[in-house]
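Visitor: Need the 3D shape of this:
(chains A and B)
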Amino acid sequence: MQVWHWIVSDAGEGFFSATMRLAVPLLLAALGAVYCERSGVVNVGLEGMMLSGALAASLVSTSTESTTVGLASGVLVGMAVAALLGLFIVVLPGDPVVAGICLNLLALGGTSFVFRIVVGTGGTTRAAPTIANSPIPGLRDIPLLGPLLFNQTYLVYVALLAVLVTALILRRTHWGLLVRASGEHPAAADSVGLNVNRTRFICLVISGAFAGLGGSFLSLVSSNQFVENMAAGRGYIALAILILGHRTPFGVLVASLLFGLGDAFQLRAQLSGVGVPYDFLLMIPYVLTVVTMAVFGRRLYTPTALGVAFRRGQP
Amino acid sequence: MTALTSPLDGGWRRYAVRLLTRSDLASSFGAIVIALLVGAVLILAAGADVVTAYRTLWTGAFGSPQNVANTLVETVPLALVGVGVALSFRAGLFNIGAEGQLLLGGVAAALAGLALGGAPMPVVLPAMMAAGILAGAAWASVAALLRVHLGTNEVLSTIMLNYIAVFLVDYLLNGPARDPASPLARTAALPPSAILPVLVPHTTLHAGILVAVAAAAIGQLYLSRHVWGLRLAATGLNPAAARNAGLPVRRILLSTLAVSGALAGLAGMCQVSGVQGRMITNLSPGYGYTAIVVALLGRSSPAGTLVAALFFGALTVGGAAMETGVGVPASVVTIIQYLVVLLLVAHSALRLVRGAAPRAQEV
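Guide: I've put the predicted structure just below:
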């Protein structure tokens, strides 16, 4: 009942725009990983890419006073971290899960190190400039959909557009076919002269760009500063979203909105005090991940060659 | 691996195995050296003198009996959790959930210790260990049951269970289990009979180190000399083949993850009873995650994990000394630690490329 009350009341506007705000970092990270996992590369390093992107975006936009430059550097750093991972799991056939987890822990230590060098031990950054909402006139007044879709920062519009573009690229372009072939049957793709590992590397770097952008969203829109370990498991949740969304762009959109809704719900419940200890509310997104993975996890689509390193001349 | 090959071992084969083991040592050592060099660059970037910084790190870890004791105390949770993670690696499972299992083990042990307040030490300490072991095993079993019955990826489920455990512990320490006399979120102090005895007078070295060494020894014997250890390794090498050979793969996976969780819970007990003297919210600065890397560095063998835990313990204690003494952030040490393992991943991948057969302890 109380949920319905929030939705229909004035506060409902805040509820739905919060849903989108909380869903977008997950959506961006998971959407980028669609490219990478459809090409056959498991990307456990999303968490580290998000975290590094968040730090770069925050530091650069604080020092240049420009969020655009900040965003660009967040994306670039995400790509660089992905390229580093690619060295271990695409160029070399290293174990993607071990390498990904090490990379995440390395990023956790690395971001703390850089942050402390720049800011000094125990300090926080000056508040970085943030990105304001750019509502779309007319459309923003539609009930429910208005606050959800049309009264957001421009990054949200970019993310939604990216869902559409990704779907078109993967389904309708020659390169998209190549990506899917690399993930389904790399040996066949190789036999007709396609460079499987180059495609996979490019897809991993694209994934890094999206994860870096998602991380930048955390430190520039969701908050106005970098906090150590601010990704807080979102990279892993994005992996679950990817699996739940069948590794398709629209599936990922729906799954990440579901998680945004869960997160917005727990935030709202905390603020209005529903008599449940707040620790249990904070658990909701994580419990949601485990439960949905347990219920739907096995029946979902997985690319045939996912996680199998490709080496020419090997069966 | 020795357990699997030993029945067929000819002389040349034993020689080859010994040589490969030696090259394992060499590659671990090489990775450590490269990582320390990268660390040196970072120390320079932080504006400190490299020699002074590394000397401070060394004396911080081993410079006095008390420093050695600190290093060993830091080794205890890393070794206990690491041995459990190594066992799960051998069975082909990723237990990333040790952090949560350790925290819940700590809470359970503290509550058991408080409940048995007046009882003598030979009753209280085993009871606390049992409570920690059970809680850790139970939390790991959630992920294990989901994996075995519903096919849920245990990497994701154990990570999510870590976050859930953190909030659960925070709730308990702010609510039902809180010491009413304290403004902080923590339990009441444990009675003296619930504290692990100190081994060397005038230091902090507690009996937990004996528990850790025993766990590593038992784990090593189990893997190399016991039939269940062999079955566990066979399942890790090829689950389908193990199933066809009639091994109870589900039971092996379940019990291995439970044992892994039990060891993490035991580590939580040691921290509560040997270090803090009560349960606190930040009982672990990420031992559960660091121990994954420790197990990898130890090549997923319990004995190797014990040595790797000592190395990581020394780095952690020395790193803290370096931060206070020379002003270099202790996260340099974290970077060195994870770089070591990333380099090892690259090394075994390189060996794959060169055509050598992959071996079980490489994950």
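
Visitor: what helix or strand does the residue of chain A found nearest chain B sit in?
Guide: For chain A and chain B, the shortest gap (CB to the nearest CB) falls at A:Gly109, measuring 3.2 Å. C-beta: built from backbone N, CA, C; applies to glycine. Using DSSP states H and E, A:Gly109 maps to helix A:96-119.

Visitor: Could you do B:Met269 as well?
Guide: helix B:249-270.

Visitor: for that helix, packing partners?
Guide: helix B:65-90, helix B:98-115, helix B:121-150, helix B:208-225, helix B:227-237, helix B:239-244, helix B:287-297 (3 or more CB pairs under 8 Å, 6 or more residues apart in numbering or on different chains; DSSP states H and E).

Visitor: Select, out of these, the one closest to chain A.
Guide: helix B:121-150 (5.0 Å).

Visitor: Is there proximity between the helix or strand just after that closest one and chain A?
Guide: Counting by DSSP H and E, the next helix or strand C-terminal to helix B:121-150 is helix B:154-174. Yes - counting by CB under 8 Å from any CB of the partner chain, chain A has neighbours in helix B:154-174: B:155-157, B:159-161, B:163-164, B:167-168, B:170-171, B:174.

Visitor: angle of helix B:154-174 against helix B:65-90?
Guide: 130 degrees (axes from the mean of the first three to the mean of the last three CA atoms, to 10 degrees).

Visitor: I'd like the distance from helix B:154-174 to the chain centre, please.
Guide: Here helix B:154-174 is found 18 Å from its chain centre; the criterion is CA atoms, centre = their mean, to the nearest Å.

Visitor: For that helix, give the mean pLDDT please.
Guide: Confidence over helix B:154-174 (mean pLDDT, whole number) is 88.

Visitor: contacting residues for the residue lying closest to B:Pro120 once chain neighbours are set aside?
Guide: What sits nearest to B:Pro120 in space, not counting adjacent residues and going by CB to CB, 6 or more residues apart in numbering or on different chains, is B:Ser193, at 5.9 Å. Residues in contact with B:Ser193 (CB atoms under 8 Å, 6 or more residues apart in numbering or on different chains) are B:Gly118, B:Ala119, B:Pro120, B:Met121, B:Val124, B:Leu125.

Visitor: and B:Ser193, helix, strand or coil?
Guide: Secondary structure for B:Ser193, judged by DSSP: H, G, I helix; E, B strand; the rest coil, is helix.

Visitor: where does B:Arg186 fall, phi/psi-wise?
Guide: The phi/psi pair for B:Arg186 (degrees, to the nearest 10) reads phi -160, psi 160.

Visitor: Any idea how many residues pack against B:Leu173?
Guide: 23 (other CB atoms under 10 Å in any protein chain shown).

Visitor: Can you verify my assumption that it contacts B:Ala188?
Guide: No - with contacts defined as CB atoms under 8 Å, B:Leu173 does not count as touching B:Ala188, sitting 11.1 Å away.

Visitor: For B:Thr59, list the residues it contacts.
Guide: The contact partners of B:Thr59, by CB under 8 Å, 6+ apart, come to B:Asn67, B:Gly318, B:Ala321.

Visitor: Can you pull out the low-pLDDT segments for the chain?
Guide: Since no chain was named, I'll use chain A. Along chain A, the parts satisfying pLDDT under 70 run over A:1-13, A:120-128, A:136-141, A:143-151, A:273-274, A:297-301, A:313-315.

Visitor: if you could check chain B rather than the one you did, that'd help
Guide: Using pLDDT under 70, chain B drops low at B:1-24, B:352-363.

Visitor: again, only using 50
Guide: Within chain B, the ranges that satisfy pLDDT under 50 run B:1-10, B:19-20, B:356-363.

Visitor: Counting neighbours, what do you get for the residue of it at minimum distance from chain A?
Guide: When scored by CB to the nearest CB, chain B has B:Thr334 as its residue closest to chain A, at 3.2 Å. B:Thr334 is flanked by 23 other residues according to other CB under 10 Å.
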